[in-house]
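Undergrad: how would this look folded up:
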Amino acid sequence: MRNLVLIVLFVAFLAQGFAQVTPQWMTSFYFETADGQKDTVYIGYDSLASSSPDVIDTIFGNIESFVPFNSEEFNAYVPYYYIAQDSIRKISIVDNIDLSSTIINFVGTGDYPITMKWDSDSYYSPDLPADFVEIPNRPNARLDIYPEGFGCAPSCWDNCFFICTDSIYPEIHEFASFDMLEIFADSVVFYCNDGAPIHALNIMIKISPFDSDQPWWPGADKMPYSLNDQVEIFPNPASEFIKIQNASELEAVYVYNPRGVLVLMNNLNPNKANHELDVSCLTPGNYYMLGRGKEGVVFADELIVY
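TA: Now for the predicted structure:
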């Protein structure tokens, strides 16, 4: 009987060793090029994983390992400090997702613009880390994006940080850091200079608690929209023109659609406090207006066009 028990335990141990371990939480990022090519990358969390997205864990090696790719097709992948010529990695599992920034790159063929979508439902999951507190009727987590590299990024100026949360619950203004733009939708679009090849875009992905004001790196200061109580826009909703008043400290205004695409931009005369902006060219809907001053983004408001 004792020998039988030992055999059963040994078989169970072997089965556990060869079984594919499922991470505690996983989310998907879907990409589609302008010519219709598609690919998917996965980022996950598990308390047993490594803290670095650049490490393939022994526990999750079966699902984090390299897969073959075709250089004649579009590929999205998670970089690794070593990459073979004919293989890429599609999945990265980390142990503290709010402290780790995972990179997503492109390689192969395909045409810009490239649309990235994500699974908003997964950000409501109770399987996220314990410090991702549950907020009634709100997601537990938000997606932060920093697309760096090679002039290929969503329409923006200088370095751009995006806080993404689904369009159902966009109330996140107070958590914006310096030069951060909020995208209240379930996708963003990446543009690139004409003729630019599909190559390493370096999209930094960070999953943070929904109500966190944690900066991207230590020492990055949180900067509130300091002119929100000063600048006025009206009428809002509007159909033709809006007036921007008390705006002598603004250098330019930018209007984004819910997908984070810049649809209207206007430089402002620094010698004037009051301005007028023609919005008649915009399709009726909800938009997001940002005002830039000498210190970056200093004004933000929602704009409704009918």
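Undergrad: when you work out contacts or count neighbours from here on, use the C-alpha atoms and nothing else.
TA: Noted.
Undergrad: quick check: closest non-adjacent residue to Thr283.
TA: Using CA to CA, 6 or more residues apart in numbering and skipping residues adjacent in sequence, the residue nearest Thr283 is Val305, 7.2 Å away.
Undergrad: next, count neighbours for Ser87.
TA: 15 (other CA atoms under 10 Å).
Undergrad: give the contact list for it.
TA: Phe66, Val67, Pro68, Phe69 (CA atoms under 8 Å, 6 or more residues apart in numbering).
Undergrad: tell me the pLDDT at the residue nearest to Thr283?
TA: pLDDT for Val305: 92.
Undergrad: circling back: out of the contacts of Ser87, which sit inside helices?
TA: Among the contacts of Ser87, no residue falls in helices (DSSP state H).
Undergrad: highest neighbour count among the residues you listed?
TA: Ranking those using other CA under 10 Å puts Phe66 first, with 20 neighbours.
Undergrad: I'd say that residue and Asp86 touch.
TA: No - using CA atoms under 8 Å, Phe66 is not in contact with Asp86; the gap is 9.2 Å.
Undergrad: and Asn202, how many neighbours?
TA: With neighbours defined by other CA under 10 Å, the count for Asn202 comes to 20.
Undergrad: okay, Met116: pLDDT?
TA: You'll see Met116 listed with a pLDDT of 87.
Undergrad: got the contact list for it?
TA: Contacts of Met116 by CA under 8 Å, 6+ apart are Phe29, Tyr30, Phe31, Glu32, Ser187, Val188, Val189, Phe190.
Undergrad: just grab the bridge partners of the fifth one for me.
TA: Applying DSSP bridges to Ser187 gives these bridge partners: Lys117.
Undergrad: got a list of what it touches?
TA: Applying CA under 8 Å, 6+ apart, the residues contacting Ser187 are Thr115, Met116, Lys117, Trp118, Arg259.
Undergrad: farthest-separated two in those?
TA: Trp118 and Arg259 (12.1 Å; CA to CA).
Undergrad: tell me, what's touching these two both at once?
TA: Shared contacts of Trp118 and Arg259, counting by CA under 8 Å, 6+ apart, come down to Asp186, Ser187.
Undergrad: helices of the stretch 201-306 of the chain, residue ranges please.
TA: Taking DSSP state H, counting those that start in this stretch as the criterion, the stretch 201-306 of the chain contains no helices.
Undergrad: show me the shaky parts of it.
TA: Filtered on pLDDT under 70, the stretch 201-306 of the chain yields the residue ranges 201, 212-225, 258-261, 296-297.
Undergrad: so what pLDDT did Gly151 get?
TA: Note for Gly151: predicted pLDDT of 45.
Undergrad: meant to ask about Ala196
TA: Per-residue pLDDT puts Ala196 at 49.
Undergrad: please parse the chain into its domains.
TA: Domains of the chain are assigned by automatic domain parsing as 25-209, 232-305.
Undergrad: which residues does Glu72 contact?
TA: Here Glu72 is in contact with Gly108, Thr109 (CA under 8 Å, 6+ apart).
Undergrad: neighbours of the residue nearest to Thr102 when sequence neighbours are not counted, how many?
TA: Spatial nearest neighbour of Thr102, excluding adjacent residues (CA to CA, 6+ apart): Ile205 at 5.1 Å. As a burial measure, Ile205 scores 20 neighbours (other CA under 10 Å).
Undergrad: thinking again about what came up before, the residue nearest to Thr283 bridge partners, please.
TA: According to DSSP bridges, beta-bridge pairing links Val305 with Ala238, Gly285.
Undergrad: and stretch 124-133, what's buried?
TA: Neighbour-count burial for stretch 124-133 flags Tyr124, Ser125, Asp127, Leu128, Pro129, Phe132 (criterion: 16 or more other CA atoms under 10 Å).
Undergrad: what is the mean pLDDT for that stretch?
TA: Mean predicted lDDT for stretch 124-133 stands at 89.
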